[in-house]
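Novice: Got a predicted model here, sequence first, then my questions.
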Amino acid sequence: MNLHGLPMPPGVLSGSAVATSIAFTEGPACDSTGNLYFTDIVNNRILVLEKGSKYYRVFREPSGRANGLLFDVEGRLLACEGNEFCPNDGNRRITRTDLRTGAVEVLTDRFEGKRYNAPNDIAACSSGQLFFTDPCYYDRSTMELDHDSIYRIDPDGPVTRVLTQPEIQRPNGIALSPDERTLYVVDSCTVAGGHRRIWAFDLSSDGTLSQQRLVFDFAPGRGGDGMCVDSQGTLYIAAGISRARSAIETDRVPTGIYVVRPDGTLLGCIPIDEDIVTNCTWGGPDLKTLYVTAGKTVYQIQVEVPGWVVHRSASSRG
């Protein structure tokens, strides 16, 4: 599949860069007041671009090699503290920060007595259930677990492994549909014949996954990384690379945000002029601002259809 020359998807209005001179941006999450949090994995820190400010500030350093961030249903900041770029100082755990008090709580740092590989991304339900991915993309000799898996954290604390090989190969980004009945997973495995796929699973109220189905396949280019979902259920997937890194990861998927319906229909691509695009999230007073992390830059893009995030949808129902 060659995805060069795709049209701009409908409903995209304008875009601009909002932060630069950062080593490797990831994991954007916007709080209910408009402050944008994101990670700089190489420099081992979490940054925040406060509403109305032109400059970011450091929120936490060191961050435990934090990657994906998300606000839960109560507006607390969840962080996937990973193990990338420098395997000796990654915390390999999931934490939750109460921004009002600054209190940090470790939700899980081990499964069956073994440290996680490198928690990557997380999704939160309005019920309080959390789902996170735990791949290993760098030094696999550091793995204590012999699998790359997805886990569920229940509101009362227990952790359950809900998905692993062979159903998936290397889980990365993860997101929920607005009705919370579908869980989407990026399966991006950079080996010969590895998956570059977006999967969908039915999600029951007790957190059980079923009915695995393929939504989209980026192979043989660089597959998806992070993603978010708008209020109509359309997926916005960060994917692509500006130049081939190897014979098994070509440049046939240019860098951008790929807009895909749940049935797999590709609506178009929002081009991003960076070497690599990592993740995206929703913000703004009407959730019509798409924030994108890509290499050294954070972008903001205005769209017509509002996005969906659990902490904003829950408060609007209240």
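Specialist: Received it, and whenever you're ready, just let me know what you need. Numbering: from 1, shown residues only.
Novice: Need the nearest residue in space to the residue nearest the centre of the chain, chain neighbours excluded.
Specialist: Closest to where the C-alpha atoms of the chain average out (C-alpha atoms, centre = their mean) is residue 226, at 3.5 Å. For residue 226, ignoring the flanking residues on the chain, the nearest one in space by C-beta to C-beta, 6 or more residues apart in numbering is residue 279 at 2.9 Å. In short, each C-beta sits where N, CA and C put it, glycine included.
Novice: show me the residues around that neighbour that make contact.
Specialist: 26, 27, 28, 68, 121, 173, 225, 226, 227, 238, 292, 293 (C-beta atoms under 8 Å, 6 or more residues apart in numbering).
Novice: and residue 136, helix, strand or coil?
Specialist: coil (DSSP: H, G, I helix; E, B strand; the rest coil).
Novice: Which residue, neighbours along the chain excluded, lies closest to it?
Specialist: Closest to residue 136 by C-beta to C-beta, 6+ apart is residue 117, at 3.9 Å.
Novice: Flag the shaky bits of the chain, pLDDT-wise.
Specialist: 1-2, 5, 17-23, 87, 314-318 (pLDDT under 70).
Novice: cutoff 80 now
Specialist: 1-6, 14-24, 86-89, 244-251, 314-318 (pLDDT under 80).
Novice: coming back round to it: what are the phi and psi values for the residue nearest to the centre of the chain?
Specialist: phi -100, psi 170 (degrees, to the nearest 10).
Novice: Report the separation between it and residue 258.
Specialist: The spacing between residue 226 and residue 258, counted by C-beta to C-beta, to the nearest Å, is 12 Å.
Novice: what does residue 177 give?
Specialist: Note on residue 177: its distance to residue 258, by C-beta to C-beta, is 17 Å.
Novice: For those two, indicate the residue with more neighbours.
Specialist: Neighbour totals were compared for residue 177 and residue 258, and residue 258 leads with 26 against 17 (other C-beta atoms under 10 Å).
Novice: Work out for me the element the more buried one sits within.
Specialist: Element membership of residue 258, judged by DSSP states H and E, is strand 256-260.
Novice: now swap in residue 252 and tell me
Specialist: Counting by DSSP H and E, residue 252 is part of no helix or strand.
Novice: quick one: the nearest residue to it once chain neighbours are set aside and residue 263, what's the gap?
Specialist: Sequence neighbours aside, residue 221 is the residue nearest to residue 252 in space, at 4.1 Å (criterion: C-beta to C-beta, 6+ apart). Distance, residue 221 to residue 263, by C-beta to C-beta: 21 Å.
Novice: ok, those two, which is more surrounded?
Specialist: Taking neighbours as other C-beta under 10 Å, residue 221 and residue 263 compare with residue 221 leading, 20 against 10.
Novice: Am I right that the more buried one is in contact with residue 255?
Specialist: No - between residue 221 and residue 255 there is no contact under C-beta atoms under 8 Å: 10.2 Å.
Novice: quick one, what contacts the residue nearest to residue 252?
Specialist: By C-beta under 8 Å, 6+ apart, residue 221 lies in contact with 1, 3, 196, 239, 240, 241, 249, 250, 251, 252, 253.
Novice: on that earlier part again, within its sheet, name the partner strands of the strand holding residue 258 and how each one runs.
Specialist: strand 235-239 (antiparallel), strand 266-271 (antiparallel) (DSSP bridges).
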